[in-house]
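*Asks:* When you get a sec, could you give me coordinates for this:
(4 chains)
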Protein chains: 2
Amino acid sequence: MLPEWVNNLTTKDKILETARMLFMKEGLEGVRMQMVADEAGVNKGLLHYYYKSKDKLFTAVFNKVTSDLLKSIGDIFDNEEVSLEEKIDYAVDAYFSFLSKNPRIPVFFIFEINRDSGILKRLGFGDKVKGLIESASHAFPNEKDPDFIFHFVFTLVSLSVFPFMVKPLLKEITGSEEKATTFLDSRRSIVKTTLKNMAIS
Amino acid sequence: MLPEWVNNLTTKDKILETARMLFMKEGLEGVRMQMVADEAGVNKGLLHYYYKSKDKLFTAVFNKVTSDLLKSIGDIFDNEEVSLEEKIDYAVDAYFSFLSKNPRIPVFFIFEINRDSGILKRLGFGDKVKGLIESASHAFPNEKDPDFIFHFVFTLVSLSVFPFMVKPLLKEITGSEEKATTFLDSRRSIVKTTLKNMAIS
DNA sequence: GTCTATACGGCGATAGAC
DNA sequence: GTCTATCGCCGTATAGAC
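*Replies:* Alright, predicted model coming up:
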């Protein structure tokens, strides 16, 4: 159930990593401390020893996940000075690749910000995103206005994230996991084309 | 907290409607039977009298929500024989309007299908969606191939639904509920333009 | 149909031995 | 640091009066 590499971590990190996987799938209230202990192969008492309470453990997980998420968006614009077309190809590929490796992050994040609307303020997440948009704008020809940049990135994220979030439905419609994955991949070129159309208009 | 019209319902429906609102925000495990009873202004025993168990109540809610969701997609293509451009305008406006009235449905639905992957099969939801895509395809000039139709509808839904799901983040970034709503509205024309570009290519 | 009282289990959390 | 035992509460569900 757990990936191999988790076994090499310290007990504290092993707990955090296990909790991350469980919380991402089941949400805060769907997870039992006993589950985390069992999955991680450690004693339940240790969870409280290291993280004090379930809420604190959850917050630690949420922080980890959101920092991964922010970094992933930052990374996709972090490429050399090439043509706009190439930048778009690179960005879409990078984002799809991140989502393939972390398919649960978007649903988790979106569920949580809708359930507990204060969480973004507590983490100062709004400012971090603003900084990120700022730096993303450097990837574009500077004649474009800020509003356009924001809409452009927003479209990129919408089109890339949504297919991964509805993958269970795609699996049900297409009839198999493989066909759903194939469809996901066929979306990639649609996203690229759509963004290129948007950039030249 | 509850809308006025709920008071006119039978006790059974009052419970269902209250449960729907709570489950949509908090998820299955985040809701207490006592909460539902208190919000609905009825006795907790009645919840079991009418719905037997929490799980059964939840399933009743999920059924109600998904049938609303399916109907909303069906409706947006249910317009007269006008030009493709007008159809797109109509479809986007109709879908945005539905989402404004039911902003929580997408997050709820997506969270649930990812948490309990068997739920779609149990409800026969895949077939219902396939039938819907079929009927949606009649809204398009018949020279288009089925794959294109599917991608087109998928793009429409992706671009429309995503902004509503991240509204708490938009609120945090823009600084106020009103500005977030304004941004949501500015997305509407982007979605229309994007779809028109896609249709003519 | 509606309400009260209560049974029963599960869960988060702590104390304390090793 | 790790493990066992246990406390106390909370939540679902039921029994039974009205």
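*Asks:* Compute the number of surrounding residues for A:Ser117.
*Replies:* A count of nearby residues for A:Ser117, using other C-beta atoms under 10 Å in any protein chain shown, gives 14. Backbone N, C-alpha and C define where each C-beta goes, glycine included.
*Asks:* can you pull the contacts of the nearest residue to it once chain neighbours are set aside?
*Replies:* Take A:Ser117 and drop its neighbours on the chain: the residue closest to it by C-beta to C-beta, 6 or more residues apart in numbering or on different chains is B:Pro168, 4.9 Å away. Neighbouring residues of B:Pro168 by C-beta atoms under 8 Å, 6 or more residues apart in numbering or on different chains: A:Ile113, A:Asn114, A:Ser117, A:Leu120.
*Asks:* Selection in PyMOL covering whichever of the residues you listed are buried, please.
*Replies:* Buried residues within the contacts of B:Pro168, by 16 or more other C-beta atoms under 10 Å in any protein chain shown, are selected in PyMOL with:
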select buried, chain A and resi 113+114+120
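*Asks:* quick one: least confident of the contacts of B:Pro168?
*Replies:* Within the contacts of B:Pro168, A:Ser117 has the lowest pLDDT, namely 86.
*Asks:* That residue and A:Asp78: what is the separation?
*Replies:* A:Ser117 is 31 Å from A:Asp78, where distance means C-beta to C-beta, to the nearest Å.
*Asks:* what helix or strand is A:Leu184 on?
*Replies:* In this assignment (DSSP states H and E), A:Leu184 forms part of helix A:177-200.
*Asks:* and what of A:Leu70?
*Replies:* Here A:Leu70, judged by DSSP H and E, is contained in helix A:54-76.
*Asks:* Now find how far off-centre that helix is within its chain.
*Replies:* Relative to its parent chain, helix A:54-76 has a centroid offset of 8 Å by C-alpha atoms, centre = their mean, to the nearest Å.
*Asks:* the inter-axis angle of the next helix or strand along the chain from that helix versus helix A:177-200?
*Replies:* Next along the chain after helix A:54-76, taking DSSP H and E as the criterion, comes helix A:84-101. Angle between the axes of helix A:84-101 and helix A:177-200 is 150 degrees (criterion: axes from the mean of the first three to the mean of the last three C-alpha atoms, to 10 degrees).
*Asks:* Output the contacting helices and strands for the worst-scoring helix or strand of chain A on mean pLDDT.
*Replies:* In chain A, no helix or strand scores lower on mean pLDDT, DSSP states H and E than helix A:125-137, which sits at a mean of 86. The contact analysis (3 or more C-beta pairs under 8 Å, 6 or more residues apart in numbering or on different chains; DSSP states H and E) places helix A:125-137 against helix A:54-76, helix A:146-165, helix B:167-174.
*Asks:* Just put these in JSON lines and tack on distance to DNA strand C.
*Replies:* Compiled in JSON lines, the helices and strands packed on helix A:125-137 are given as follows (distance: least, C-beta to the nearest atom of the strand, whole Å):
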{"stretch": "helix A:54-76", "distance to DNA strand C": "4"}
{"stretch": "helix A:146-165", "distance to DNA strand C": "26"}
{"stretch": "helix B:167-174", "distance to DNA strand C": "25"}
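*Asks:* This completes my enquiry, with thanks.
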